[in-house]
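In: dropping the sequence and predicted coords here.
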Number of protein chains: 2
Amino acid sequence: MYTISEISQLTETTAHTIRYYEKEGLLFPTRTAGGVRRYDESQLTWLRFVLRLRATHMPIDQIREYVELFLASSETHDTSLERLRLLEAHQQNVRQQLAELIRTEQMITEKIAVYQQLHPTVKETI
Amino acid sequence: MYTISEISQLTETTAHTIRYYEKEGLLFPTRTAGGVRRYDESQLTWLRFVLRLRATHMPIDQIREYVELFLASSETHDTSLERLRLLEAHQQNVRQQLAELIRTEQMITEKIAVYQQLHPTVKETI
DNA sequence: CTACAAGTTAGAGTTGACTCTAAGTCAAGC
DNA sequence: GCTTGACTTAGAGTCAACTCTAACTTGTAG
């Protein structure tokens, strides 16, 4: 069981942000008798996944929706298909970002080549 | 020579945003006698480049810096090396985003595979 | 016990990038 | 000349995602 500062270091995220994610309904650590947050391995793994989704620009609202579906799932009402749909939607999104990045990387590389012809040999200056 | 609504359509960007970019020092169209903006091919090409940089999360401040270096360049003071450095920095950035997207794409694909095992055949329902 | 570092809260503030509004001015067809 | 739709401006408003503050409480090492 980790404290917030431990999780904060392990994920390179501020404690402020981690509390904010909890307020937004993305995390739900247990608490000590005194009310101090404690995180287990599964919450750490989940936070790491959330950070991945955020790094690829999935909005917090959509992540919350995924969480809510997960929590709402039961024997009488299975939400895994809806969660699958959310993941597929984000996957599409990620692929579009990839396409845009690849095109832009090429464009920048071309422009850099033009500049480098102007400065043929910027060699190591000691 | 294009009007603002024409380049707005050509680039799928609102006229609001195009004026905002001008206010931020990224664009400088000519004006008619009456003060109406007119854009030539070079400004259109440049706007398209700017939109690429934005789509890959280059901050407006940095794009402005690039513009300012370009405008400041003269025979006595060549700024092309500094511009090259800015481009290289963003290229690094784009490559990091690419790496993150690729990793995340894989993660999502794996998770999707798990969900699809739960729903082996969601076949066409009519 | 006590000191004090680390944790807690509600809520305010910040940042970057738009996005919109209102009150006008310009331009093109009739 | 007149109408009407597109254009102009300064500046206010919005939004997502943090980021910080202040006043207070908890946990732990000595």
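Out: Noted; the coordinates are in hand. The model shown is predicted, which means the values in this text are computed figures rather than measured ones.

In: okay, CA-based contacts and neighbour counts for the rest of this
Out: OK.

In: hmm, residue A:5 and residue A:38 touching each other?
Out: No: taking CA atoms under 8 Å as the definition, residue A:38 is not a contact partner of residue A:5, at 10.2 Å.

In: report pLDDT for residue A:28.
Out: Listed pLDDT for residue A:28 reads 97.

In: correction: residue A:59
Out: 98.

In: for it, give me its contacts.
Out: For residue A:59, no contacting residues are found, by CA atoms under 8 Å, 6 or more residues apart in numbering or on different chains.

In: for it, give its distance to chain B.
Out: For residue A:59, the distance to chain B (CA to the nearest CA, to the nearest Å) stands at 15 Å.

In: for residue A:42, grab phi and psi.
Out: phi -70, psi -40 (degrees, to the nearest 10).

In: ok, residue A:75 next?
Out: phi -60, psi -40.

In: how much space between it and chain B?
Out: Distance from residue A:75 to chain B, by CA to the nearest CA: 14 Å.

In: for chain A, longest helix please?
Out: Looking across chain A with DSSP state H, the single longest helix is helix A:80-118.

In: does it come close to chain B?
Out: Yes: applying CA under 8 Å from any CA of the partner chain, one finds helix A:80-118 touching chain B at A:80-81, A:84, A:87-88, A:91, A:94-95, A:97-98, A:100-102, A:104-105, A:108-109, A:112, A:115-116.

In: of those, buried ones?
Out: Listed as buried from these are A:80, A:84, A:87-88, A:91, A:94, A:97-98, A:101-102, A:104-105, A:108, A:112, A:115; burial here means 16 or more other CA atoms under 10 Å in any protein chain shown.

In: how many neighbours does the residue nearest to residue A:25 when sequence neighbours are not counted have?
Out: In space, and not counting its chain neighbours, residue A:25 is closest to residue A:64: 6.0 Å by CA to CA, 6 or more residues apart in numbering or on different chains. Using other CA atoms under 10 Å in any protein chain shown, residue A:64 is surrounded by 17 other residues.
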